[in-house]
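A.B. asks: I'd like to go over a predicted model; first the sequence, then the structure.
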Amino acid sequence: MDYTVTSVAPIILLPFLAFVINSFIVKKFTKVAIVISCGAIFTSFLFALRIFKNFVFDVYSSGYHVHKVFNWFDLSYDKIPFKVDMGIYIDNMTAVMLLMVTGVATLIHIFSTFYMQHDARYGRFFVYMSLFTSAMLGLVLSDNLLSVFIFWELMGFCSYSLIGFYYEKEGAGNASLKAFMTTRVGDVFFLLGILALWSVVGSVRFVDIYSAIASGAFSNHFVLGIPLATFAAFCVFMGTIGKSAQFPLQVWLPDAMFGPTPCSALIHAATMVAAGVYLSLRMEPLMQLGNLKVFIAYVGAITAFGAATIALIQTDIKAVLAYSTISQLGYMVLGIGVDAYNASFMHLITHAVFKACLFLAAGSVIHSLHDHHTDSHVQEMPRMGGLRKKLPFTFIAMMFCTLAIAGIPFFSGFVSKDRILGEALIKAFHSKVYIIPMLLGFAAAFLTAFYMFRMMFLTFFGEPRDKDLHHHVHEEHISWNQNIPLLILSVFTLGVFYSGSLTGQGEVKIFSKRYEWFATLIEKPHLENFKDYERQPFGFSDQKSKKVFEQSIYDPTHGLEEEEAHHAHQTHVFGAILSIIIAFSGVGLAYLTYIAKKIDPRMWTSRFSNWNEALENKYYMDWFYIEVLIKKVLLPFNNLVSFFDMGIFDRYAVDGMEKVNKTLFTGAKWFDNLVIDTSMVDGTGASVKLMNVILRTIQSGKIQFYFIVIVLVLASYIWTLNIH
Amino acid sequence: MISLSSYLLISFFLFLCGILVIIARKNIIAILLGIELLLNSAALNFVAYSRYTAQNLDGHIFALFIIVIAAAEAAVGLAIVIRFFQIKESIHIDDASQLQS
């Protein structure tokens, strides 16, 4: 397959074109606009499928990538070249991401036609969704950090406008602002990181950065006494923290649930928040070089555990999913921290699928529960219960996804999460620093199983708690835009699609040849391959480059000695068994609490009332940011600055300037009046007047006078001639 | 034989008379007569110099031209005077002061 403009560009351009066209026609031709949006994203999906097929089924090589460069703008002047190039970089990771993003986005678009159909701004929703999808695809295809950053910000904007979509709702505006400003903190660091990398590498392209790392260009570069590699890695990782809602910037994501549920599914669960993790995966060699792995592991583990604990007490069905999203993103980051590169990316993909499905299912539930008294949709789980029979298809889909996220064997979540935890276990055996992240990871796995099944039991099982509401639930029938997307997504929560084997350990081989495609194809960038890569300074090149690397086949032993490999394998198996036990115990606890009613949840809350209070206040993070950081730090700082501005700068500099000006003005006025006006302007007039008086008398109009003058002049002339 | 200076003396006398007439008289016709005198004195000068120094007929021809021009000038001048009189009902030179404005 040749990667020309026509085979790749439509993936980004079709949704973008849909956005541009729909912006103009959406008010008058809402139906047409929606068809355009859905059609564009579906066509993108077909293109992505073609790329995916080429990479996974035709080429099947872990190092294979396609890198196309084109000129963005050319500012060359005279003999000084200044060309800025953009490019697309497709490797296996990109191909899988493209398929995931377009596939999930297509299904969510289809679901949105059901969910948003009675909304006043039905069409506008699709406009934002198209823009968002094209930005996400652009980010995935980018070959350099600068265009990643551009698309990153574009997605931030889409997220902002979609969170504030119901702007008439109280709090939606603040939530969107909060999301935007919180991620901005990370973005500033990210930009700083890009600049730091540029200062050393001279380029912001991934391949050039890899090459610089491989050739040791980062040694002897320091920023404020710390190695530049660490600094840059930290800054880039701060971008991830902001975008992927990691501790301590996770506060925006739960508030982002103000947006419509399908957009929560697409943006705040499946794709945009995964972009941060994707970036960290791309920059993994830099994190390695900067010795940031332990830090990353801690951030991920704290996020995973903290969010999981908060999810325990949430009553809003979307809030539970929001916290579980943060928790799962924490797992991915933990995976980067413990060198589980492949597993982390796998978890990104599996999570995208099952979390999108969970959100859509939650949307389906919310849409069905319409409170006629307040004319609003119900999201509170205490008012649900017993919806299993009324919403059978939603129930099936949600059950599949819950099994997946809880880490039950044979489902995708088990395959990916188990591998992250297995790697964490191996790391913990080798070094003590990793023990705490490992323990937090396993604890979070237990909590995940518990709170997800708590949500399932509260929603679908038991007796309906709000009889009136339950009575009015719309009976669910199979329909192409309500259930079918859910069911399609739920099929892909099965583990076989990702591991090729039932347990995820690569032992039971179902597909004969390429049974472990995921584990084989996604690998850390092989830095040694990039060592002789000809680096091109960003802004000074126009060389078209394409390089295909040798095939390298996955080695599950990570190149360890045989004994160690055996040990690693045993650890993996041990980890797998451990996570199975943990998952089932979590499910069991949820069953005992909410179905069998053997344990009263109120007993827990009364016994650990301090903890409960902390959880209800989300560990006081919001309080800390608003009351301490903003009111106690930023506000006094603001006051100080404004005091400086008003009291010092305004009073002395501005008013002093005024005094100086006034004096100058008086002097200038005097000069103007006396010298310019009186003597020069008026003097000109006076002299002209004087001349006028003289000349007027000569100009008598009497011919004879003129004649006398002529004669006298002639006579005097002749007289002077005679003298000489 | 009459000397050149005699002719020049007469010519000078005529010229002086012309100038005095132009300056002193207020009648426009008189002024025109004064101008005739000026022209004739000049013509006399030409003829005299031609006779005594150049030994050719250039001066005589110039004199003829001057006579023709004087005739033309008199005709134009009298026409102006008549037109002036029709407008102003006067031939006093001080009435012709429109040039001062």
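C.D. replies: Received, thanks.
A.B. asks: how near is A:Val188 to chain B?
C.D. replies: Plainly put, A:Val188 is 81 Å away from chain B if you go by Cβ to the nearest Cβ, to the nearest Å. Yep, even glycine has a C-beta here, placed from its N, CA and C like the rest.
A.B. asks: cool, A:Thr448 as well?
C.D. replies: A:Thr448 is 109 Å from chain B, by Cβ to the nearest Cβ.
A.B. asks: and A:Ile703, how many neighbours?
C.D. replies: 16 (other Cβ atoms under 10 Å in any protein chain shown).
A.B. asks: give me the longest helix you can find in the chain.
C.D. replies: If you meant another chain, say so; for now it's chain A. The longest helix of chain A (DSSP state H) is helix A:562-594.
A.B. asks: I was after chain B.
C.D. replies: helix B:58-88.
A.B. asks: near chain B, which residues of the stretch 551-700 of chain A?
C.D. replies: When proximity is defined as Cβ under 8 Å from any Cβ of the partner chain, the stretch 551-700 of chain A approaches chain B at A:Gln699, A:Ser700.
A.B. asks: and the helix or strand harbouring A:Ala301, what does it pack onto?
C.D. replies: Assigned by DSSP states H and E, A:Ala301 belongs to helix A:293-311. The helices and strands touching helix A:293-311, judged by 3 or more Cβ pairs under 8 Å, 6 or more residues apart in numbering or on different chains; DSSP states H and E, are helix A:228-243, helix A:317-337, helix A:435-460.
A.B. asks: buried residues in it, which are they?
C.D. replies: A:293, A:295-311 (16 or more other Cβ atoms under 10 Å in any protein chain shown).
A.B. asks: residue of the stretch 151-300 of chain A with the smallest distance to chain B?
C.D. replies: Per Cβ to the nearest Cβ, A:Phe157 is where the stretch 151-300 of chain A lies closest to chain B, at 78.1 Å.
A.B. asks: mind telling me what element that residue is part of?
C.D. replies: Secondary structure assignment for A:Phe157, by DSSP H and E: helix A:145-163.
A.B. asks: list the buried residues in that helix.
C.D. replies: Neighbour-count burial for helix A:145-163 [16+ other Cβ under 10 Å]: A:145-156, A:158-163.
A.B. asks: what comes up buried for stretch A:374-390?
C.D. replies: Across stretch A:374-390, burial judged by 16+ other Cβ under 10 Å covers A:Val378, A:Gln379, A:Glu380, A:Met381, A:Arg383, A:Met384, A:Gly385, A:Gly386, A:Leu387, A:Arg388, A:Lys390.
A.B. asks: equivalent analysis for stretch B:21-34, please.
C.D. replies: Neighbour counts over stretch B:21-34 (16+ other Cβ under 10 Å) mark B:Val21, B:Ile22, B:Arg25, B:Ile28, B:Ile31, B:Leu32, B:Leu33, B:Gly34 as buried.
A.B. asks: where does pLDDT dip in the chain?
C.D. replies: Using chain A. Counting by pLDDT under 70, the ranges of chain A that qualify are A:1-2, A:80-83, A:500-517, A:532-565, A:724.
A.B. asks: you looked at the wrong chain, it should be chain B
C.D. replies: Applying pLDDT under 70 to chain B flags residues B:99-101.
A.B. asks: switch the cut-off to 80
C.D. replies: Scanning chain B for pLDDT under 80 picks out B:1, B:54-55, B:97-101.
A.B. asks: so chain A: which segments form each domain?
C.D. replies: A:296-523+A:555-616, A:624-723 (automatic domain parsing).
A.B. asks: let's have those domains in CSV, adding distance to A:Asn92.
C.D. replies: Shown next, in CSV, are the domains of chain A (distance: least, Cβ to Cβ, whole Å):
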stretch, distance to A:Asn92
domain A:296-523+A:555-616, 4
domain A:624-723, 39
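A.B. asks: residues in contact with the nearest residue to A:Met399 once chain neighbours are set aside?
C.D. replies: In space, A:Met399 comes closest to A:Met456 once its chain neighbours are excluded; the distance is 6.7 Å by Cβ to Cβ, 6 or more residues apart in numbering or on different chains. By Cβ atoms under 8 Å, 6 or more residues apart in numbering or on different chains, the contact set of A:Met456 is A:Met398, A:Met399, A:Thr402, A:Ala590.
A.B. asks: quickly note the distance from the last one to A:Val711.
C.D. replies: Looking back up the chat, that one is A:Ala590. According to Cβ to Cβ, to the nearest Å, A:Ala590 stands 134 Å off from A:Val711.
A.B. asks: and A:Leu348, how far from A:His372?
C.D. replies: Applying Cβ to Cβ, the value for A:Leu348 to A:His372 is 41 Å.
A.B. asks: more neighbours, those two?
C.D. replies: Shown here are A:Leu348 and A:His372; by other Cβ under 10 Å, A:Leu348 has more neighbours (28 against 9).
A.B. asks: I'd assumed A:Met332 was in contact with the more buried one.
C.D. replies: Yes: contact criterion Cβ atoms under 8 Å: A:Leu348 and A:Met332 qualify, at 5.5 Å.
A.B. asks: quick check: neighbours shared by those two?
C.D. replies: A:Ala274, A:Val277.
A.B. asks: now the strands for chain A?
C.D. replies: A:65-74, A:83-91, A:222-223, A:226-227, A:370-371, A:376-377 (DSSP state E).
A.B. asks: so A:Tyr619 touches A:Gly306, yeah?
C.D. replies: Yes: in this structure A:Tyr619 lies within contact range of A:Gly306 using Cβ under 8 Å: 6.4 Å.
A.B. asks: quick one: neighbours of A:Phe665, just the number.
C.D. replies: Residues near A:Phe665, counting by other Cβ under 10 Å: 12.
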